[in-house]
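# Can you look at this prediction? I've put the sequence above it.
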Amino acid sequence: MKDFVPVNEPLLDGNEKQYLTECIDTGWISSEGPFVTRLEEEFAARVGRKHGVAVCNGTAALECAIAALAIPAGSEVILPTFTIISCASAILRAGAIPVVVDCDPVSWNMRADQIEERITPRTKAIMVVHIYGLPVDLDPILGLASARGLKIIEDSAELHGASYHGKPCGSFGDISAFSFYPNKHVTAGEGGIVVTNDDALAERCRSLRNLCFQAGKRFVHEELGWNWRMSNLQAAVAVAQLERLDEFTARKKQMGRLYRELLGGVPGIEFQPERTPFAENINWVFGLVLDSSIPFDAVEAMRRLAGLNVQTRPFFWPMHEQPVLRRMGLFAGESHPAAERLARRGFYLPSGMALTAAQIDRVTAAVRQVLP
Ligand SMILES: Cc1ncc(COP(=O)(O)O)c(C=O)c1O
């Protein structure tokens, strides 16, 4: 059996070790350490925002962002059904109601016209989620939000280094969130960050992530917060990774080019577009969708690839088909065919930062072998 190709392997051969050693040597390992502030400042500057608030993961970043907006209980927040559970759970934990839209069958992203159809007098915000490396077409959504007085929470968890009309993803929401999980273009092991230009929102995020301790009376609380703090160790790794974001983004674009080139002529498979009139795909992950000519689904394709030692991951399962959310009485009778098709027919190939051209060759040969 040929060498195993993992679905993700990060690259940690920059300054990560040196910065971690600095943490150990100085004793600064908690969230009070200097790498946390450095990460917040450098990351915010990188995405053109005034403030960055580092937290312990991307899910916490979304929860913190929406909690800071203080949306009234029972408000509706529109999000794509084709996303990770973190988006719906953040909305629910903020006391709001998730309202989902289908995605575009070609871009796999949510569209403004789908959002517009679901706006009601109770809608207070739109959670825009960029999927798998291709930015959402933001201008029509931002126009809609401003015309209807809706807040934008931008989930840019997967889109480090991407831009829309030349402006960084993460700079469009009233408040935006990123993840630093190891499959992201910048990792901290575990981590996330909230970015915003709004002084009050940033201050509120800082308080919420740190148990709402008060400056004067530390252990007297007016509000309940969370412990969402990021350690200096995590921030040290993220700072070293951020130094290489341009190189990492170029690497992943090259990965996408190679996959598209080597799989381009294979019948029965679809990919997310490499570019749109407004953005370039940064290929957070490289996904495939089996069209109706393939007589089996993603589960079977993934099983066959696993047999050839190629690790893959399924696509997101839509929010409107989540048992836990259906049991809450949400999304009764809803059907969103584009997302349902992606969930059943889509999966992604090895896409980590350390992936080599030789591994891509091997993966694409395996894909050709398992397809009829
Ligand atoms: C779109 C999106 N939002 C949020 C998250 C949550 O980030 P984390 O895994 O760091 O909690 C992810 C994770 O991959 C994601 O893809």
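Great, that's in hand.

# List the residue ranges of this protein that fall below the pLDDT cut-off.
By pLDDT under 70, the weakly predicted segments of the chain are 1-2.

# Tell me how far Phe43 lies from Gln241.
Using C-beta to C-beta, to the nearest Å, Phe43 is found at 10 Å from Gln241. In this view, the C-beta of every residue, glycine as well, is placed from N, C-alpha and C.

# Spit out the residues that contact the two alike.
Val186 (C-beta atoms under 8 Å, 6 or more residues apart in numbering).

# Tell me which residues touch the residue nearest to Gly346 when sequence neighbours are not counted, please.
Closest residue in space to Gly346, ignoring its immediate chain neighbours: Phe315 at 3.8 Å, by C-beta to C-beta, 6 or more residues apart in numbering. By C-beta under 8 Å, 6+ apart, the contact list for Phe315 reads 82, 287, 298, 342-343, 346-348.

# again, only this time at 10 Å
Counting by C-beta atoms under 10 Å, 6 or more residues apart in numbering, Phe315 touches 82, 108, 131-132, 285, 287-289, 298, 339, 341-348.

# any idea how far it is from Ala235?
31 Å.

# Distance from the top helix by length along the chain to the middle of the chain?
When the chain is parsed with DSSP state H, its longest helix is helix 245-263. The chain centre lies 18 Å from the centre of helix 245-263; the measure is C-alpha atoms, centre = their mean, to the nearest Å.

# Check the spacing between the residue nearest to Gly346 and Val285 real quick.
For Phe315 relative to Val285 (C-beta to C-beta), the value is 9 Å.

# shared neighbours of these two, which are they?
131-132, 347-348.

# What is the nearest of the residues you listed to Leu11?
Tyr348 (18.5 Å; C-beta to C-beta).

# Give me the neighbour count for that closest one.
22 (other C-beta atoms under 10 Å).

# Starting from the helix or strand harbouring it, tell me which strands it pairs with and how they run.
Counting by DSSP states H and E, the element that carries Tyr348 is strand 346-349. Sheet pairing of strand 346-349 (DSSP bridges) gives strand 286-290 (antiparallel), strand 313-314 (antiparallel).

# which residues touch Pro372?
267-268, 293-296 are the contacts of Pro372 under C-beta under 10 Å, 6+ apart.

# Does the closest residue to Met230 other than its chain neighbours lie in a helix or a strand, and which?
Counting by C-beta to C-beta, 6+ apart, Met230 lies nearest to Ala54, which is 4.2 Å off, once chain neighbours are set aside. Here Ala54, judged by DSSP H and E, is contained in strand 51-55.

# now the helices for the stretch 101-250 of the chain?
For the stretch 101-250 of the chain, the helices defined by DSSP state H, counting those that start in this stretch cover 112-117, 138-148, 199-209, 232-242, 245-263.

# Any idea which of the ones you listed gets closest to Leu11?
The nearest among the helices of the stretch 101-250 of the chain, by C-beta to C-beta, is helix 245-263 at 7.3 Å.

# After that closest one, which helix or strand is next?
strand 269-270.

# That next one pairs with which strands?
When pairing is defined by DSSP bridges, strand 269-270 lines up against strand 286-290 (antiparallel).

# Can you give me the buried ones in the next helix or strand after the strand it pairs with?
Counting by DSSP H and E, the element after strand 286-290 in chain order, helix or strand, is helix 298-307. By 16 or more other C-beta atoms under 10 Å, the buried positions in helix 298-307 come out as 298, 301-302, 304-305.

# between the helices of the stretch 101-250 of the chain, which gets nearest to the ligand?
Across the helices of the stretch 101-250 of the chain, the ligand has its closest neighbour in helix 232-242 (11.2 Å, C-beta to the nearest ligand atom).

# check contacts around the residue in the chain positioned nearest to the ligand.
At 2.4 Å from the ligand, Gly58 is the closest residue in the chain, using C-beta to the nearest ligand atom. For Gly58, the contact set (C-beta under 10 Å, 6+ apart) comprises 84, 86, 155-158, 177-181, 184, 190-194.

# Test my guess that Ser30 contacts Ser231.
Yes - between Ser30 and Ser231 a contact is recorded at 6.0 Å, counting by C-beta atoms under 10 Å.

# Name the SS class of Ile66, please.
helix (DSSP: H, G, I helix; E, B strand; the rest coil).

# residues near the spatially closest residue to it that is not a sequence neighbour, how many?
The shortest distance from Ile66 to any non-neighbouring residue, by C-beta to C-beta, 6+ apart, is to Ala94 (4.5 Å). Neighbour count of Ala94, defined by other C-beta under 10 Å: 22.

# Ala70 too?
Neighbourhood size, Ala70 [other C-beta under 10 Å]: 10.

# Surely it is in contact with Asp174?
No - using C-beta under 10 Å, Ala70 is not in contact with Asp174; the gap is 11.8 Å.

# Now for the two: what residues contact both?
With C-beta under 10 Å, 6+ apart, Ala70 and Asp174 have common neighbours Leu201.

# related to what we said a few turns ago, helices and strands around the strand holding Ala54, which ones?
Judged by 3 or more C-beta pairs under 10 Å, 6 or more residues apart in numbering; DSSP states H and E, strand 51-55 is in contact with helix 34-46, helix 58-69, strand 175-179, strand 192-196, helix 199-209, helix 232-242.
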